[in-house]
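*Asks:* After the sequence you'll find the predicted model.
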Amino acid sequence: MNPATLLPAPPRDGSCITGPSEPSVAIRKWRILVADDEEGIRCLSSLILAGGGFDVNVSADGEQAWDALSHAQYDLLITDNDMPRLTGMKLIERIRQAGMQLPVILASGSLPTASAIEHLQLQISEVLLKPFTTPELMTAVRLALLPSAL
C-alpha cells in the first residue's frame, strides 16, 4: 500500500470535515437588518440569527434602519412597529415607496391596527407577536427568505 494515497479518516461525529467536497468559493450569507428600540431584543435577535448563520446588522429605530437600508443591500428586514422617530409601519411604507422588494417581518408587542389590505399592500412577509421564541423567529425568517432562495 502506498502511504501517499492514504487519506485521513474523518471524525466519527462528522465535525471538521474538510476536503475536496468543500466549495472552492465562499457561500454568501443572507444579510438581515433588525430594527428595534429595545436593546435586549436587538441583541438577542442578533445573537440567535448570527448563530443560525446569518449576517446581522441592527438599528435602534426606524430612521437608523432607513439609513442602513439606503446604504447597503439586505435580504430581510425584521422591524418592531413601536419605535421612536419612525415606526415600523412607516418604515415599511417608505421602503415600498422607494421600490425596495426585500421581505419584511413585523415583530411587535402590539400589532398595528392596519387592515389586512394594508398589510398586503406593504407586502409584510410574516408577523411575530412579542415575546417570540427562538423557533418562532427562525421559522419566520426561513419562510420570509424561502421565495428568495428558490
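*Replies:* Right, received. Where do you want to start?
*Asks:* can you pull out the helices in this structure?
*Replies:* Taking DSSP state H as the criterion, the chain carries its helices at 39-51, 62-71, 88-97, 116-122, 134-149.
*Asks:* so which of these gets nearest Ile105?
*Replies:* Closest approach to Ile105 among the helices of the chain (C-beta to C-beta): helix 134-149, 5.3 Å. (C-beta placed from N, C-alpha, C; glycine too.)
*Asks:* Figure out how far the closest one is from the centre of its chain.
*Replies:* The chain centre lies 8 Å from the centre of helix 134-149; the measure is C-alpha atoms, centre = their mean, to the nearest Å.
*Asks:* how about that helix: buried residues?
*Replies:* Buried residues in helix 134-149, defined by neighbour count with 16 or more other C-beta atoms under 10 Å: 137-138, 140-141, 144-145.
*Asks:* can you tell me which of the helices of the chain the model trusts least?
*Replies:* For the helices of the chain, the bottom mean pLDDT is recorded on helix 116-122, which sits at a mean of 65.
*Asks:* For Leu106, find the nearest of the helices of the chain.
*Replies:* Shortest distance between Leu106 and the helices of the chain, using C-beta to C-beta, is found for helix 88-97: 5.8 Å.
*Asks:* Nearest residue to the middle of this structure?
*Replies:* Centroid check for the chain by C-alpha atoms, centre = their mean gives Ile32 as the closest residue, at 3.5 Å.
*Asks:* residues in contact with that one?
*Replies:* 49, 54-57, 74-78, 141 (C-beta atoms under 8 Å, 6 or more residues apart in numbering).
*Asks:* same check, this time on Val34
*Replies:* 42, 45-46, 49, 56-59, 78-79.
*Asks:* Could you check how far it is from Gln121?
*Replies:* 23 Å (C-beta to C-beta, to the nearest Å).
*Asks:* Equivalent analysis for Leu146, please.
*Replies:* As judged by C-beta to C-beta, Leu146 and Gln121 stand 21 Å apart.
*Asks:* got a list of what Asp61 touches?
*Replies:* Taking C-beta under 8 Å, 6+ apart, one finds 35, 37, 83-86 in contact with Asp61.
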